[in-house]
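J.: What would the 3D arrangement of this be:
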Amino acid sequence: ITVESLKGEINLGGDPHHARFLFRADNEVAGADQKAGSTGTAKYVRPVQATSRPNDFWNNDDWVACLFKVRNQQYVLMHMDSPTNPRPIVYSTRSYGRFGSFFTGKVDEGKPLHLKYRLIVMGGAKGLDSSERYAALYHDFVSPVKVTIEKLSAERVGGGKGLGGVEADPATPINRSLEL
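T.: Numbering: from 1, shown residues only. Alright, predicted model coming up:
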């Protein structure tokens, strides 16, 4: 996501419950009758170091997973905020399934702000209440596996033998895939 000012400075403030990058589950998660005091059915899993603040705000978390049910189907949505995004952040969570991360700052004209988030949606919730599992998914987001793809000459594949042990011309690139 890129935020850019076309003229002047943009101040990024607002209310953490309603500003920045939020997700809202189907209204079914809010409960049948919010006005009658129903509090909603969403449950949250947070990093072990997350600390609660008043009014459903959380510090020290870079991700939050929300478990909720819609039409008798269990879902999990994991919201991840990249460490390259502005810090500090606050996560806002509500029992009716609305949550997301918030930061304050500014965007100067000619200096776009590049933001990176990841959402993962999973069906079912069996075994998905573990903070460690989500921490591993977050680690994969911020430290992805690095892959390098290059053409190999026949000389580099099998010492002059091509794929499958067949003699090959070392000057001819190999353009086949192998089943592993």
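J.: could you pull out the strands for this protein?
T.: 2-3, 10-12, 21-24, 43-45, 51-53, 57-59, 63-70, 73-81, 90-93, 98-102, 105-107, 113-114, 117-123 (DSSP state E).
J.: what's the closest of those to residue 135?
T.: strand 63-70 (7.9 Å; C-beta to C-beta). Heads up, the C-betas are built off the backbone N, CA and C, glycines and all.
J.: who does the closest one pair up with?
T.: Strand 63-70 sits in its sheet next to strand 43-45 (antiparallel), strand 73-81 (antiparallel), going by DSSP bridges.
J.: got those as CSV, with mean neighbour count and mean pLDDT columns?
T.: Converted to CSV, the strands paired with strand 63-70 look like this (neighbours: other C-beta atoms under 10 Å; pLDDT from 0 to 100):
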stretch, mean neighbour count, mean pLDDT
strand 43-45, 19, 95
strand 73-81, 19, 96
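J.: For residue 24, which of those is the nearest?
T.: Closest among these, using C-beta to C-beta: strand 73-81, at 10.2 Å.
J.: That closest one vs strand 117-123, what angle?
T.: Strand 73-81 and strand 117-123 are oriented at 170 degrees to each other (axes from the mean of the first three to the mean of the last three C-alpha atoms, to 10 degrees).
J.: List of residues touching strand 73-81?
T.: 21, 23, 25, 62-69, 89, 91, 99-101, 117-125, 128, 134, 137-138, 141 (C-beta atoms under 8 Å, 6 or more residues apart in numbering).
J.: what angle do that strand and strand 98-102 make?
T.: Using the same axes, to 10 degrees: strand 73-81 against strand 98-102 is 10 degrees.
J.: No further questions, thank you.
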